[in-house]
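# how would this look folded up:
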Amino acid sequence: MTDQTLQLLDRMEIADLLARYGLAVDTGRWSLLDTVFAPDAVLDYTATGGAKGGLAEVRGWLSEVLPAFPGRLHLLGPPAIAFDGDRDEPAFAGVTVAFTDTLAPSREALGGRHTQGLIQGGGYYHHRMERTPSGWRSRELVVEQTWRVFH
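Numbers count the residues shown, from 1 in each chain. Modelled structure (predicted):
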């Protein structure tokens, strides 16, 4: 295979990884996060008022907070991927992808108020990824939230 073909395959694998991230967060299938992040990854959701820490810690926070929003949907834009390294050594990639999310809280989360309660927002996910024997994994995620509205 040519280097160009291999890079296209890497890009496809990274795009699939990003889709698994959205699926994990939207459906609560938290075990999928193990196929997205390296075991020692650092995840930073502080821009959203959330947690920062290792995968286990942040997975715990996500699994505690997000069930209050049973309707969740992420839409991810095409990723901007900048590779660093080559195929003969550990390869890294900086990945930025725009996102929009919609969260619909449960009645319990609304405190009995009669409102639709949709929350929508967006921004960027900034990943530092590494090719591992198990495939590409995110070693670091920093969430940059640029807007949020409440309906």
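# Please enumerate the helices of the chain.
For the chain, the helices defined by DSSP state H cover 3-27, 55-65.
# These into TSV, with extra columns for distance to residue 125?
For glycine as for every other residue, the C-beta is placed from the backbone atoms N, C-alpha and C. Below are the helices of the chain laid out as TSV (distance: least, Cβ to Cβ, whole Å):
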stretch	distance to residue 125
helix 3-27	8
helix 55-65	13
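# Report the beta-bridge partners for the closest residue in space to residue 129 that isn't next to it in sequence.
In this structure, residue 129 finds its nearest non-sequential neighbour in residue 93, 4.6 Å apart by Cβ to Cβ, 6 or more residues apart in numbering. Bridge pairing for residue 93 (DSSP bridges) gives the partners residue 83, residue 129.
# Tell me who's in contact with residue 93.
Counting by Cβ atoms under 8 Å, 6 or more residues apart in numbering, residue 93 touches 10, 14, 81, 82, 83, 84, 127, 128, 129, 130, 131, 136.
# Tell me the pLDDT of it.
For residue 93, the pLDDT comes out at 93.
# gap between it and residue 8?
Applying Cβ to Cβ, to the nearest Å, the value for residue 93 to residue 8 is 13 Å.
# picking that back up, which one of the helices of the chain lies closest to residue 37?
Smallest distance to residue 37 across the helices of the chain (Cβ to Cβ): 5.0 Å, for helix 55-65.
# buried residues in that closest one?
55, 58, 59, 62 (16 or more other Cβ atoms under 10 Å).
# what packs against that helix?
Helices and strands touching helix 55-65, by 3 or more Cβ pairs under 8 Å, 6 or more residues apart in numbering; DSSP states H and E, are strand 37-44.
# Can you list the strands that the strand it packs on pairs with?
Here, using DSSP bridges, strand 37-44 pairs with strand 52-54 (antiparallel), strand 135-150 (parallel).
# Mind putting these into CSV with mean pLDDT and distance to residue 120?
Below are the strands paired with strand 37-44 laid out as CSV (pLDDT from 0 to 100; distance: least, Cβ to Cβ, whole Å):
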stretch, mean pLDDT, distance to residue 120
strand 52-54, 98, 23
strand 135-150, 95, 5
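# Of the ones you listed, which is nearest residue 41?
Nearest to residue 41 among these is strand 135-150 (5.2 Å), distances taken as Cβ to Cβ.
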